[in-house]
Structures are given as C-alpha cells and as structure tokens.
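Student: One predicted model, sequence on top.
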Amino acid sequence: MSLIVSPLIENGRIKSISVEVRYPSEKKNLTFYDGLDEPRVSSDLPASFRGLFYLVSFKPSKVVMIRDILGSRPIYYNQKLEMASFSKFVPGFGELMPGEYVEIGYDGEIIQQNHTDFFDVFTIAEFDYSETQERIIRSLEKVKVKNACISFSGGVDSSFLAAFYDVPLIAVTASKDEKNRIQDSAKKMGREVEIFEFDEQTVAEELGNIVSAIETTNPLQVSIAVPIYLAIKFAKNLGFSEIVLGQGADELFGGYKRYENVIGKNLEKAIVDDIMNLGKNNLVRDTKISYYLQMKTVTPYLSFDIIESALSIPPELKVRREGGIITRKYFLREMARKFIPAEVAYKEKKAIQYSTKTYSIIERLAKKSGKSIPEFLKGL
C-alpha cells in the first residue's frame, strides 16, 4: 500500500514508530518519499523541485509532510499523526493539500504550515511556436525509463511517446475494433504490441479490488480506473516494474471532447482549470492504483517544462477550428507527425472508458444486479 505509518506518542514525545513502506515509495532513515531522487526536507520544496512527489519525515521534535504542487501523490493523516497513502488506513483523516508544507509537533500543534500557489511554480512565457516544440521534445528526450513498457492505445498521446522510448508496448481492451486499431497503429510505426483482451468476467472479478484501490465509487472514476488498473496489472504480470502512461496530454493540449463547445478566453480558462486540477481529477486515482499494485508510473507529459510550455500555447492551437472542422490537440498532433506517421498522429480516439468498452460492461453488470450503476458500485 506504499506507505502506512503508525507512531506511538506519549506526553508529546515519539516513543516508537510502526512503518510499512512498499515500492515505489522509498525510505531513508525516518524519511519516506516517492518521486524524489534524494529526500530533501525544505519548506520551498513544492516550488523548487520541478516534479511530482510526496515526502514525510519524522524528526526528533516534529513530523514534516510535503506534497507536490499538482497533488499527484496523496497523503492522509490524523491528530495521532497516523498517516498513509490511502485514507482507509487513517481514522478521522485529513488530507495534505497540493503544494503544502506542514510541520506538526508530537503534541499535535502545527509549528509551520506553508502553501505554494500553482503560478508560483509555473510561469506563462510568451509563445514561440518553434521554441515551444523544441522545449517539449527536449523534455521528452530527458525522461529515463528502466524496466518499463508503454501503455499503448494507438492514439497520438501514447504513439508519440513510443517514438522516444524503445521499450515494449502493451495494451488492454474489451473491444475487438479497438484491438484492430491498436495493432494497426503499432504496425504503421513498425512496432509490435502485446494486448490483453479482457471481458465482463474479468471486470466482475477485479471491480472490488479497483474500487478498494481508488477509494471512490464515482462511476466515471471507476470506469476510467478499470482499464488503467488492468494495464498496470498486465505490465506487472509480464515482469515490468514501471509503466509509461500518457496522462496529462488531454489537459495540456486540449484533448477533451467538451472543449469543442468552448471558445476564446472561456476555453483558455477551462484548460488551465483542468491542468490545475489534474491531481484531484486524475493523478490521485492513478497513483493509488500504482501503489495498490506496487508499480511505478512514468508520466513524461507531466514534466514541469512541458506543463509550462503547454500553458503558453494559445487555445486556438490546441482546439483548432477551420472550415467547419474541429481538431483537438492540434499543436500536439502537428508536433507528433514529425516523429510518427501522420495518420497515427491524427487518428481520432474515444475516451478510454468508452473505447475499451469498460463503461458498457459496468452498465451490464449493474443491470444484472438489478441496481443503478451508483448503487451497484457502492454495494461492492
């Protein structure tokens, strides 16, 4: 479960500490962390470290907790200073907020509490088409993967990443049409892809584990979580310890279908709001799945240089309207076609919960139980 900490505190002093820490979290003395090369306890860490992380450190007179600016890795804690990556292990929990630094004494009193603002970290520079492309490409090239595979959907996000990282491609789906599309994209790129075809029985068997992992029965979150969970589990069963995901591309480059109905400043605001809420809406879910399965997720699009670059791209280059045709992720597709076949870069793809048939499977399971989807999921 990545991290579970239960300290024994008497008279405002720590007597002992019980810790369970699992991959991909790491431990150095009484400091626990994920996403950092080396643990560094500093109040400016959310602003100075350009990456996704959490850190918890037990000092002689206090405990320090720090979370990245997007809130990608959850930390829950309570007045007894019990803390964990999952709220179910922390009775009466509160949550460390994105970009927050907190010092708490063993008497339960807050010693210091700082919050870093999103725009204290990210600066929106003046847009230059070529320079922005170059900065994004350089950032993707810098990402190092070890024993990894790429979760490949055949769309522009994962296909572009496959052009940079020479590691195996894997995919999961319950749709024969999508299986064919995935294989076609891989073939056009001169690559092979290993596909796990799941079905209704697979989902029925795993759904309880998935809801337990993500700690919500929200139907949208669950339907998205199913293929992500199955992909990460498939990768682990194949012997990988890391999986490369294309998370963040829709928010950064204007990929959501709903963006087609928004223009101008409203579109820009919608995209920025989605970027700022990436942690709450998507990354916490995915992190909990990876922690549950003890796998490391690699998210190249969430390099802080790429986030900053994407913030500078005008919204009309993300959602392009020309001749009555709307092209979402236009800037990303134009950049990607320099590395992958244009037909792959411009291939349209439904949202993961629909393309994989996950949502329709959950609908059928709920119907068989005689319940609505929310009722069915809450009963798991």
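Tutor: That came in fine, so what should we check first?
Student: Tell me how far residue 201 lies from residue 365.
Tutor: With distances defined as C-beta to C-beta, to the nearest Å, the gap from residue 201 to residue 365 amounts to 10 Å. Heads up, the C-betas are built off the backbone N, CA and C, glycines and all.
Student: who has more neighbours, those two?
Tutor: Counting neighbours by other C-beta atoms under 10 Å for residue 201 and for residue 365 shows that residue 365 has the greater number, 19 against 10.
Student: Can you get me a residue count around residue 55?
Tutor: For residue 55, the neighbour count with other C-beta under 10 Å is 25.
Student: can you pull the contacts of residue 88?
Tutor: Residue 88 makes contact with 212, 215 under the criterion C-beta atoms under 8 Å, 6 or more residues apart in numbering.
Student: part of a helix, is it?
Tutor: Yes: note on residue 88: a helix contains this position according to DSSP: H, G, I helix; E, B strand; the rest coil.
Student: Find me the pLDDT at it, would you?
Tutor: The predicted local confidence for residue 88 comes out at a pLDDT of 96.
Student: next one: residue 1
Tutor: The predicted local distance difference test score for residue 1 is 69.
Student: I'd guess residue 184 is in a helix, am I close?
Tutor: Yes: the assignment for residue 184, made by three-state DSSP, places it in a helix.
Student: mind checking the SS state of the residue positioned nearest the centre of the chain?
Tutor: What sits nearest the mean C-alpha location of the chain, by C-alpha atoms, centre = their mean, is residue 283, with 3.2 Å. Each residue gets one of three states, and residue 283 gets helix by three-state DSSP.
Student: Was I right to think it contacts residue 69?
Tutor: No: taking C-beta atoms under 8 Å as the contact criterion, residue 283 and residue 69 are not neighbours in contact, 11.4 Å apart.
Student: in the stretch 1-150 of the chain, which spans are strands?
Tutor: Taking DSSP state E, counting those that start in this stretch as the test, the strands found in the stretch 1-150 of the chain are 3-10, 13-21, 26-28, 31-34, 54-58, 62-67, 76-77, 83-84, 94-95, 100-105, 110-115, 148-151.
Student: who touches residue 125 in this structure?
Tutor: Residue 125 neighbours (C-beta under 8 Å, 6+ apart): 308, 312.
Student: now with 10 Å?
Tutor: With C-beta atoms under 10 Å, 6 or more residues apart in numbering as the criterion, the residues that contact residue 125 are 131, 132, 135, 308, 309, 311, 312.
Student: re earlier: and for residue 283 and residue 69, which residues touch both?
Tutor: Residues touching both residue 283 and residue 69 (C-beta under 10 Å, 6+ apart) are 52, 98.
Student: Strands of the stretch 151-300 of the chain, residue ranges please.
Tutor: 169-173, 193-197, 242-244, 296-298.
Student: Including mean neighbour count, distance to residue 145 and mean pLDDT, could these go into a markdown table?
Tutor: A markdown table is the format used below for those (neighbours: other C-beta atoms under 10 Å; distance: least, C-beta to C-beta, whole Å; pLDDT from 0 to 100):
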| stretch | mean neighbour count | distance to residue 145 | mean pLDDT |
| --- | --- | --- | --- |
| strand 169-173 | 26 | 13 | 98 |
| strand 193-197 | 17 | 17 | 98 |
| strand 242-244 | 24 | 6 | 98 |
| strand 296-298 | 22 | 6 | 97 |
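Student: and residue 47, which of those strands is closest to it?
Tutor: Closest to residue 47 of these is strand 296-298 (C-beta to C-beta; 23.2 Å).
Student: And the closest one, what does it pack against?
Tutor: Under the contact criterion of 3 or more C-beta pairs under 10 Å, 6 or more residues apart in numbering; DSSP states H and E, strand 296-298 touches strand 148-151, helix 219-237, strand 242-244, helix 284-293.
Student: what's in contact with the third one?
Tutor: The one in question is strand 242-244. By C-beta under 10 Å, 6+ apart, the list of residues contacting strand 242-244 reads 24, 143, 145-152, 158, 161-162, 164-165, 167, 169-170, 228, 231-236, 290, 293, 295-300.
Student: so where's this structure uncertain?
Tutor: Residue ranges of the chain with pLDDT under 70: 1.
Student: Show me the domain layout of it.
Tutor: 3-120, 122-378 (automatic domain parsing).
Student: residues contacting residue 159?
Tutor: Contacts here follow C-beta under 10 Å, 6+ apart; on that basis residue 159 touches 150, 152-153, 169, 182, 185-186, 188-189, 191, 246, 336, 339-341, 344-345, 347.
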